[in-house]
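Undergrad: Coordinates for the following, if possible.
(one chain, ligands or ions: 1)
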Amino acid sequence: MTHAPKKRVAVIGATGRIGGQIVEWFSRTGRYDVLGLSHQDLDVVDESAVKRRLLHQPLDVVINTAAFHSVDGCQRDPRTSFAVNAIGAMNVAAACREIDALCVYLSTDYVFDGRQESPHDEDARPNPINVYGVSKLAGEQLTMSTAPRRLIFRVERVFGPPGPGRPPSTYVDALYDKAAHGQTIRAVDSHTMSPTYSRDAVKLLDDLLQAGATGVIHATNGGSCTWLEFTQTLLSMLPFDVPVESVPAESFLSDTPRPTHTALRSKRIKQILGREMRHWSEALREYLVAMGYIEE
Ligand SMILES: NC(=O)c1ccc[n+]([C@@H]2O[C@H](COP(=O)([O-])OP(=O)(O)OC[C@H]3O[C@@H](n4cnc5c(N)ncnc54)[C@H](OP(=O)(O)O)[C@@H]3O)[C@@H](O)[C@H]2O)c1
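TA: Numbering: from 1, shown residues only. From the prediction side, this is the model:
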C-alpha cells in the first residue's frame, strides 16, 4: 500500500490555545511532519529570525497563529499591535513566498464593524473599528499581497483546551469556575457572536489543507448567539443553580470600541468539503465532557 507523502508543516505560536491544538491534532493524524515553534523559538517581528528559521528547511505549509490579541492592549499600544499582527504576518508571508509554502494566517471576526445584524459570510466587507481589528485586517492583506498561496482562517470567541503546560483559560472555563463557586454571572445580551471550539476548527483546517483550499474561510462553529444566550445554554448543561443577570454592554466592557454583531458563517466550507460545521452548543457539550466539567 502506498501512502501519500507527509506534508511538512511549521506552526508558529505552538504553545497557544489554537497553535497547541494544531500541533497535537496534526501530529496525531500521521499526515504531517510538524515543526512547532513557540514565541521563544521564533519572534515573527524579527525579520531575520523568521528567515533563519523558515528559509533553510523544506516546508509545505506555515501556519501563523502568533498574535497580540488583547483588544484593550492593542488600543493602548498600536505599535506592538501592528508589529506582531501586521508586520509579523508579512515577514512570515515573505518567507512562505521564498520557499513556495502555503501561508495560513489566523484572523478574527473583529475585522468587521458589527453593523450587519445577520451572520457575515466570507464575501462580507471588512471595516474594523478598533486597533486590534485594523492590525489583523492589515495582517490579512499583507499575507494576501505577499504570499502567492495563502489561506486566511477566521475564528472568533475560541474555547477549548489550553496550550501545552498552561492552565485552562478561555471564557468557558472562567464561567464554569464562577458557576462552581455559586457566583452570580453577568452577561451582555446586545452583542452577537459565533463561538469556535478550537478542536473543531483545527480538524477543519486539516480537511481544508488536504482539499488544497486557499482564500478566506470562516471557521466558527454553526449557529450564533448573544453572550446571555451562550451563558444560559452553558449553565443549562452544568449541575449548578446560579443566577444570570443581563447587563448593558457599557457596564461590562471597556471604552475600546467593539463591534456589536460579529457572528460569522461560512458558505465556502460546504462548497469545498461538502459539509458544515456542527452547532456551537454540541461542541460546547463535548468540551465540558473533555474537561471533566460534566459527565457524558
Ligand atoms: N482566542 C480567540 O478567541 C480568538 C478570536 C479571534 C481570532 N483569534 C486569532 O487566533 C490566533 C491564535 O489565538 P489563540 O487564542 O491561540 O492565542 P494565544 O493562546 O495567545 O496564542 C498565540 C501564540 O502566539 C505566540 N506569540 C505572541 N506573540 C508572538 C510573536 N511576536 N512571535 C511569535 N509568537 C508569538 C504566543 O506566545 P506567548 O504566549 O508565549 O507570547 C502564543 O503561543 C490569533 O491570530 C488570534 O488573533 C483568536
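Undergrad: quick one: low-confidence parts of this structure?
TA: For the chain, the stretches with pLDDT under 70 are 1-2.
Undergrad: I'd like to know how many residues surround the residue of it found nearest the ligand.
TA: Closest approach of the chain to the ligand (C-beta to the nearest ligand atom) occurs at G16, with a separation of 2.1 Å. Any C-beta I mention is one placed from the backbone N, CA and C, and that applies to glycine too. By other C-beta atoms under 10 Å, the residues close to G16 number 25.
Undergrad: check contacts around it.
TA: Counting by C-beta atoms under 8 Å, 6 or more residues apart in numbering, G16 makes contact with 65-66, 163.
Undergrad: T15 now?
TA: T15 sits in contact with 36, 38-39, 163-166, where contact means C-beta under 8 Å, 6+ apart.
Undergrad: what does the stretch 1-150 of the chain put close to the ligand?
TA: Proximity of the stretch 1-150 of the chain to the ligand, by C-beta under 6 Å from any ligand atom, involves residues 12-13, 15-19, 39, 42-45, 65-69, 84, 88, 106, 108, 136.
Undergrad: Pull out the buried residues from those residues.
TA: Under a neighbour-count criterion of 16 or more other C-beta atoms under 10 Å, the subset of these counted as buried comprises 12-13, 15-19, 42-45, 65-69, 84, 88, 106, 108, 136.
Undergrad: Just the residues you listed: which are in strands?
TA: Applying DSSP state E to these, the entries found in strands are 12, 106, 108.
Undergrad: excluding its backbone neighbours, what's nearest D207?
TA: Among residues not flanking D207 along the chain, L273 sits closest, at 5.5 Å (C-beta to C-beta, 6 or more residues apart in numbering).
Undergrad: how near is the spatially most central residue of the chain to L55?
TA: Centrality entry for the chain: nearest residue to the mean C-alpha point is V155, 4.0 Å, by C-alpha atoms, centre = their mean. Between V155 and L55 the distance is 28 Å, computed by C-beta to C-beta, to the nearest Å.
Undergrad: same deal with R285?
TA: Taking C-beta to C-beta as the measure, R285 and L55 are separated by 44 Å.
Undergrad: between the two, who's got more neighbours?
TA: More crowded of R285 and L55, by other C-beta under 10 Å: R285, with 17 against 12.
Undergrad: which SSE is that one in?
TA: Secondary structure assigned from DSSP states H and E places R285 in helix 280-290.
Undergrad: What residues sit buried inside that helix?
TA: Of the residues in helix 280-290, those with enough neighbours to count as buried (16+ other C-beta under 10 Å) are 280-281, 283-285, 287-288.
Undergrad: Tell me where the protein has helices.
TA: Taking DSSP state H as the test, the helices found in the chain are 17-29, 47-54, 71-76, 78-82, 88-99, 131-146, 171-180, 198-211, 227-237, 268-273, 280-290.
Undergrad: Of all the ones you listed, which one comes closest to H261?
TA: helix 227-237 (12.2 Å; C-beta to C-beta).
Undergrad: The nearest residue to S194 once chain neighbours are set aside: what's it in contact with?
TA: With C-beta to C-beta, 6+ apart as the measure, T220 is the residue that lies nearest to S194, at 3.8 Å, once sequence neighbours are left out. Taking C-beta under 8 Å, 6+ apart, we find T220 in contact with 109, 154-157, 194-196, 201, 263-266, 277, 280.
Undergrad: do the same with H218
TA: With contacts defined as C-beta under 8 Å, 6+ apart, the neighbours of H218 are 120-122, 154, 264-266, 268-269.
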